[in-house]
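*Asks:* the sequence isn't on hand, but the structure is:
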């Protein structure tokens with residue numbers, strides 16, 4: 001903080017204010033001194049008038065006593081008024097508060113000047129209790145007593161003389177009294193005068209001491225302030241030198257070139273960075289014109305013809321107008337720089353200029369590298385997806401203006417994950433580099449090859465006829481197939497799947513084109529890999545895949561917006577089959593964006609293909625459990641229907657889903673006896689080990705299981721021995737035509753018989769007529785489900801408590817088999 005104060009800019013008032021204060025104090029003390037001296041002088045003058053008046057009054061009264069001449073009495077009255085004025089002043093000032101009007105009249109009566117009135121009153125008022133003044137006032141009071149006696153005697157004499165009664169004896173008595181009064185008043189007058197004199201001298205001495213002391217203090221203050229100003233001046237000089245050294249070191253240390261000139265453009269200073277940039281030494285350049293150091297080049301590397309010093313001095317190269325230029329140096333080499341300059345002002349006048357040169361060589365290299373990295377893949381050096389889409393977008397824009405034939409290919413390595421998993425990512429990266437080299441050799445000059453991500457590549461063939469594009473695609477496939485790649489002695493076969501889209505007419509969007517190529521590549525993989533799949537607009541198989549891909553995003557949104565809903569359908573016991581509660585199947589529906597109802601066969605295939613079934617199954621389980629929990633709380637001890645949930649194959653193999661089910665049972669407090677999970681025969685056999693573990697875990701809790709669509713895939717009955725399910729659901733394809741097709745009826749009979757032999761109950765689907773129901777009763781099927789029993793209805797509280805005429809079991813079905 002001390003340094004900051006020393007380096008602060010000194011202000012005139014900050015330096016001289018103590019002197020101003022001292023002078024003002026000295027002036028104030030002088031004024032007070034003069035005022036006091038004037039007041040004392042007025043009292044001394046008044047005392048003289050008082051003494052003269054009292055002497056004259058005694059003298060004229062003595063003559064009046066002797067001569068009885070009224071002239072002497074008049075002179076007596078005129079003389080006595082002066083000391084009586086002093087008497088009036090004293091009495092007026094001794095009042096509380098003082099009577100200043102009477103005091104003024106007394107002062108004027110005593111013969112003092114009107115200009116002295118205020119000082120006499122002020123001095124009496126504020127200094128009457130001081131020792132010398134108090135003594136003087138005491139003597140003054142004694143003198144006033146004699147004056148009263150004198151005036152009383154004068155009035156007595158005057159009355160007697162006017163009455164003609166004044167005898168010689170009276171005259172002698174009056175003269176004796178006058179003499180006695182004169183003898184008494186003389187010492188009091190002298191004591192009063194002496195007290196005033198001593199007081200005057202004391203006040204003068206005191207004022208002299210005060211003034212000398214003040215003058216001495218002012219001198220000391222001047223010395224102190226002068227010392228401080230000198231110290232500040234030294235500090236300023238030292239700080240200025242320090243800042244100069246810092247500036248010099250800074251200029252020599254920074255990487256930017258700094259050049260200063262005089263007002264004519266002659267070099268005054270150059271730092272080392274400027275020497276390096278311009279290839280001039282400061283000693284050589286000093287005094288040389290700025291334009292001699294280098295030439296400014298324009299965008300075509302020609303002399304710009306631009307006088308730099310004029311632009312700097314006019315302020316056109318300020319920070320907001322930094323120029324990026326090339327400068328040509330002494331040896332003819334050029335370097336890219338940015339120039340910032342400004343005029344140097346002194347007293348409002350231009351005294352020179354400063355120019356800062358920043359070397360842009362590294363920045364330009366960084367920008368070039370970043371630009372390349374932003375548009376290319378670091379591993380292969382190929383264009384990346386962003387650059388590939390940009391070039392494809394340009395082709396599509398040109399297609400609007402000029403017709404042409406182009407081709408787009410998506411390429412995906414087959415079984416590339418096998419290389420990464422068995423040999424590591426280093427082997428995978430090396431394989432990708434080999435593949436890239438092969439693909440480059442199979443393309444024409446000007447074709448774009450890009451790595452879109454992972455093991456996916458894109459190729460853009462501009463101005464390429466259809467047959468040539470397909471020939472190039474086939475050649476690329478064969479080249480990759482013929483590659484012999486080995487990593488640490490381990491050989492790998494490499495093949496590639498290619499999706500090819502011909503571009504020959506507008507309008508077409510980038511998104512649609514990329515999606516079409518991606519789908520064609522996907523179809524090439526589905527058809528066995530190592531092939532070229534050409535996209536055609538009327539390809540129904542591709543259209544189906546497009547539809548499934550579109551469903552993926554819709555299903556994500558539907559889950560977020562909770563647009564799924566649950567329906568239920570009753571399953572009734574047939575013949576002698578008995579059930580303690582009801583039995584219903586839960587069916588899944590979806591409200592689309594416009595509020596319409598979507599059946600599960602429209603979106604379940606897409607959900608199974610793209611891995612969304614686990615999320616949908618979780619939604620079904622959670623919402624069914626919630627409804628059962630709410631119903632249990634309201635229904636009390638009323639019997640409720642058993643519910644079975646149909647699960648997809650991917651869900652059965654998900655270990656996290658099994659943990660999720662345990663959490664839901666605990667969270668909602670649902671009795672496991674009320675739940676029956678349905679799994680399809682195909683998914684159970686495809687994940688046999690996982691299915692058995694899944695079933696055994698939940699059966700231990702008390703859940704039931706149903707094997708759905710049994711025999712729809714014509715699987716071996718041997719698998720049934722390993723699946724501990726409670727129900728077999730006979731596929732509806734056998735049931736709905738069993739009256740007209742003896743083979744279908746035989747299949748129903750065989751499935752029902754085998755199920756009963758294994759101790760399982762059977763359920764027939766698609767029971768849509770009374771005749772089919774009767775036939776199922778004759779065969780001995782345990783349960784029936786279909787429109788003849790009940791059409792699907794919203795799954796509600798009433799569905800769980802519904803009491804059918806005949807006791808019917810309740811089955812809860814998840815989306816995999818919901819209709």
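*Replies:* Perfect, thanks for sending it. This is a predicted model, so every value here is computed, not measured.

*Asks:* next, residue 791: phi, psi?
*Replies:* Reported as degrees, to the nearest 10, the phi and psi values for residue 791 are phi -80, psi 150.

*Asks:* once you drop chain neighbours, what's closest to it?
*Replies:* residue 569 (7.3 Å; CB to CB, 6 or more residues apart in numbering). The C-beta positions use only the backbone N, C-alpha and C, and glycine is treated the same way.

*Asks:* what's downstream of the helix or strand hosting residue 103, the next helix or strand?
*Replies:* Assigned by DSSP states H and E, residue 103 belongs to helix 100-109. On the C-terminal side of helix 100-109, the nearest following helix or strand under DSSP H and E is helix 117-127.

*Asks:* that next one packs against which elements?
*Replies:* With contacts taken as 3 or more CB pairs under 8 Å, 6 or more residues apart in numbering; DSSP states H and E, helix 117-127 sits against helix 12-67, helix 70-93, helix 100-109, helix 131-162.

*Asks:* which stretches of the stretch 351-500 of the chain have low pLDDT?
*Replies:* Within the stretch 351-500 of the chain, the set of residues satisfying pLDDT under 70 is empty.

*Asks:* so which residues of it form helices?
*Replies:* All helices of the stretch 351-500 of the chain, identified by DSSP state H, counting those that start in this stretch, fall at 361-375, 385-401, 416-423, 425-441, 466-481.

*Asks:* adding distance to residue 255, write those out as JSON lines.
*Replies:* Below are the helices of the stretch 351-500 of the chain laid out as JSON lines (distance: least, CB to CB, whole Å):
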{"stretch": "helix 361-375", "distance to residue 255": "10"}
{"stretch": "helix 385-401", "distance to residue 255": "34"}
{"stretch": "helix 416-423", "distance to residue 255": "45"}
{"stretch": "helix 425-441", "distance to residue 255": "38"}
{"stretch": "helix 466-481", "distance to residue 255": "50"}
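
*Asks:* residue 556: which of those helices is closest?
*Replies:* helix 385-401 (22.4 Å; CB to CB).

*Asks:* okay, buried residues for the helix holding residue 103 please.
*Replies:* The neighbour-count check on helix 100-109 (16 or more other CB atoms under 10 Å) flags 103-109 as buried.

*Asks:* just list what it packs against, helices and strands only.
*Replies:* So helix 100-109, by 3+ CB pairs under 8 Å, 6+ apart, packs with helix 70-93, helix 117-127.

*Asks:* still on that earlier bit, between the helices of the stretch 351-500 of the chain, which one is closest to residue 782.
*Replies:* helix 416-423 (47.1 Å).

*Asks:* the closest one relative to helix 425-441, how many degrees between them?
*Replies:* 140 degrees (axes from the mean of the first three to the mean of the last three CA atoms, to 10 degrees).

*Asks:* before we move on, back to that, need the helices and strands packed on helix 100-109 in CSV (columns: distance to residue 338 and mean pLDDT).
*Replies:* Output for those, formatted as CSV (distance: least, CB to CB, whole Å; pLDDT from 0 to 100):
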stretch, distance to residue 338, mean pLDDT
helix 70-93, 89, 80
helix 117-127, 79, 75
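
*Asks:* just name the most buried of those helices.
*Replies:* helix 70-93 (a mean of 20; mean count of other CB atoms under 10 Å).

*Asks:* that one versus helix 117-127: what angle between them?
*Replies:* Using the same axes, to 10 degrees: helix 70-93 against helix 117-127 is 50 degrees.

*Asks:* helices and strands around helix 70-93, which ones?
*Replies:* Using 3+ CB pairs under 8 Å, 6+ apart: helix 70-93 touches helix 12-67, helix 100-109, helix 117-127, helix 131-162.

*Asks:* okay if I get the ones you listed as JSON lines plus distance to residue 239?
*Replies:* Formatted as JSON lines, these follow (distance: least, CB to CB, whole Å):
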{"stretch": "helix 12-67", "distance to residue 239": "17"}
{"stretch": "helix 100-109", "distance to residue 239": "62"}
{"stretch": "helix 117-127", "distance to residue 239": "53"}
{"stretch": "helix 131-162", "distance to residue 239": "59"}
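
*Asks:* which one, of these, ends up nearest to residue 641?
*Replies:* helix 12-67 (97.0 Å).

*Asks:* list the helices and strands the closest one packs on?
*Replies:* Against helix 12-67 (3+ CB pairs under 8 Å, 6+ apart) you get helix 70-93, helix 117-127, helix 131-162, helix 168-253.

*Asks:* and the angle for the second one with helix 131-162?
*Replies:* I take that to be helix 117-127. 120 degrees.

*Asks:* what's in contact with helix 117-127?
*Replies:* Contacting residues not belonging to helix 117-127 are listed as 35-36, 38-40, 42-43, 46, 89, 93, 98, 100, 103-104, 107-108, 112, 133 [CB atoms under 8 Å, 6 or more residues apart in numbering].
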